[in-house]
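1. Take a look and give me a structure for this.
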Amino acid sequence: MMIFFEDLENIGIRGIIVTDDIFLICAFLIIPFGILLLLFTYIYNKVYIKNNQRDFLVFFFGEKGGDDFSRVGGNLVVVAYWFLIYYSNYKTFSAKLHFPSINDEKNKPIPIIPNTNRENVKVFEEKHKGWLLLNLSSMYLGFILGVIFLVYGFFMEG
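-> Modelled structure (predicted):
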């Protein structure tokens, strides 16, 4: 059975394709914008981390641990994303346990990034403030756009 263009209006597909609803248009523009944001952030991180590889290795693993991580072929971008998740909680929710002080005997840094004590985080913040700002902004913007898309999809009438 073939569907002709006249039948599209009866099924409602034309109403989805051609619409004057500005909210619907914006909701569907979130998808390509989110993909572009993700690709831009990923490429930016690959280039930035490659150019500052030594800083990241020493910050995450310490002097000797960074050499071991490089030797086994670890991916710093993945470790950087882990750090950003914990750093976001550290800044947003004041989760101080993620990055304990170097003098804290009870709490230790996260095993995947063992050199990230509070003092080292402060030094890293000063040196790479732009990188942190761009990544956190990208993460929060992507989250907000995703929520807007889901809310529109679930609660608005078509």
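2. can we go C-alpha only for contacts and neighbour counts from here?
-> Noted.
3. How about the contacts made by Val78?
-> With CA atoms under 8 Å, 6 or more residues apart in numbering as the criterion, no residue contacts Val78.
4. Show me which residues of whichever strand or helix holds it are buried.
-> Val78 belongs to helix 76-92 when assigned by DSSP states H and E. If you call a residue buried by 16 or more other CA atoms under 10 Å, then helix 76-92 has these buried ones: 76-77, 80, 83-84, 86-88, 90.
5. and stretch 119-128, average pLDDT?
-> For stretch 119-128, the mean pLDDT works out to 95.
6. same deal with stretch 44-60?
-> 94.
7. quick revisit: using a markdown table, lay out the buried residues of helix 76-92 together with distance to Lys106 and pLDDT.
-> What follows is these, written out as a markdown table (distance: CA to CA, whole Å; pLDDT from 0 to 100):
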| residue | distance to Lys106 | pLDDT |
| --- | --- | --- |
| Leu76 | 28 | 90 |
| Val77 | 29 | 90 |
| Ala80 | 25 | 93 |
| Phe83 | 21 | 94 |
| Leu84 | 23 | 94 |
| Tyr86 | 19 | 90 |
| Tyr87 | 20 | 92 |
| Ser88 | 23 | 91 |
| Tyr90 | 18 | 86 |
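8. Pick the one among these closest to Thr41.
-> The shortest gap between Thr41 and any of those belongs to Val77, at 10.9 Å (CA to CA).
9. Output the helix holding Val78 as PDB - backbone C-alpha positions only.
-> Extracted as PDB, the C-alpha positions of helix 76-92 are listed here (Å, rounded to 0.1, in the frame of the first residue of the first chain):
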ATOM      1  CA  LEU A  76      44.100  11.000  29.800                       C
ATOM      2  CA  VAL A  77      40.800  12.200  28.300                       C
ATOM      3  CA  VAL A  78      38.900   9.500  30.100                       C
ATOM      4  CA  VAL A  79      40.600  10.200  33.400                       C
ATOM      5  CA  ALA A  80      40.000  14.000  32.800                       C
ATOM      6  CA  TYR A  81      36.200  13.300  32.400                       C
ATOM      7  CA  TRP A  82      36.200  11.300  35.700                       C
ATOM      8  CA  PHE A  83      38.000  14.200  37.400                       C
ATOM      9  CA  LEU A  84      35.400  16.700  35.900                       C
ATOM     10  CA  ILE A  85      32.500  14.700  37.400                       C
ATOM     11  CA  TYR A  86      34.100  14.700  40.800                       C
ATOM     12  CA  TYR A  87      35.200  18.300  40.400                       C
ATOM     13  CA  SER A  88      31.700  19.400  39.500                       C
ATOM     14  CA  ASN A  89      30.300  17.800  42.700                       C
ATOM     15  CA  TYR A  90      33.200  19.400  44.700                       C
ATOM     16  CA  LYS A  91      32.200  22.800  43.400                       C
ATOM     17  CA  THR A  92      28.400  22.500  43.200                       C
END
